[in-house]
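**Q** sequence? don't have it. structure:
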């Protein structure tokens, strides 16, 4: 199975308004997705992790380019299952990413995990 772990970008991210925020975001990897990806890889699955906050840093904020890049990475990977990290403060961004990926992969199973659904 091909499993894509997606850590969506943070809501309201704007490096011009919060110049220290990019450093905090870039240094906090999506650990839960990485741990689960390692476990699945050890058990024969093909996995990939998309780090939305790091992707957003390329463009300076959560503009359309961020979501296009996340979608492009997913299309290149062709997942059977998509796991989205959901943080309460970023719920709208998580839902947006899930909808975008549902449009691209209608047959893929999409699951949510993380602090919000837990």
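**A** Received the coordinates, thanks. Just so you know, these numbers come straight off a predicted model, no measurement behind them.
**Q** Residue 82 should be in a strand, yeah?
**A** Yes: assessed with DSSP: H, G, I helix; E, B strand; the rest coil, residue 82 lies in a strand.
**Q** low pLDDT regions in this structure?
**A** 10-30, 53-65 (pLDDT under 70).
**Q** give me that answer again for 50
**A** Residue ranges of the chain with pLDDT under 50: 15-16, 18-26.
**Q** which residue ranges form the strands in it?
**A** Along the chain, the stretches classed as strands by DSSP state E are 2-7, 46-51, 81-85, 109-113.
**Q** TSV for those, including mean neighbour count?
**A** The C-beta positions use only the backbone N, C-alpha and C, and glycine is treated the same way. TSV is the format used below for the strands of the chain (neighbours: other C-beta atoms under 10 Å):
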stretch	mean neighbour count
strand 2-7	24
strand 46-51	20
strand 81-85	23
strand 109-113	15
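**Q** So residue 1 is in contact with residue 46, correct?
**A** Yes: at 7.4 Å, residue 1 counts as touching residue 46 under the criterion of C-beta atoms under 8 Å.
**Q** can you redo the strands of the chain as JSON lines with distance to residue 93?
**A** What follows is the strands of the chain, written out as JSON lines (distance: least, C-beta to C-beta, whole Å):
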{"stretch": "strand 2-7", "distance to residue 93": "10"}
{"stretch": "strand 46-51", "distance to residue 93": "13"}
{"stretch": "strand 81-85", "distance to residue 93": "10"}
{"stretch": "strand 109-113", "distance to residue 93": "12"}
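**Q** Minimum distance to residue 94: which of the ones you listed has it?
**A** Checking these against residue 94 by C-beta to C-beta gives strand 81-85 as the closest, at 5.6 Å.
**Q** Show me what the closest one pairs with in its sheet, parallel or antiparallel.
**A** Strand partners for strand 81-85, identified by DSSP bridges, are recorded as strand 2-7 (parallel), strand 109-113 (parallel).
**Q** Dump these into TSV; add distance to residue 67 as well.
**A** Converted to TSV, these look like this (distance: least, C-beta to C-beta, whole Å):
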stretch	distance to residue 67
strand 2-7	11
strand 109-113	16
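**Q** residue contacts, residue 96?
**A** Applying C-beta atoms under 8 Å, 6 or more residues apart in numbering to residue 96 gives the contacts 8, 67.
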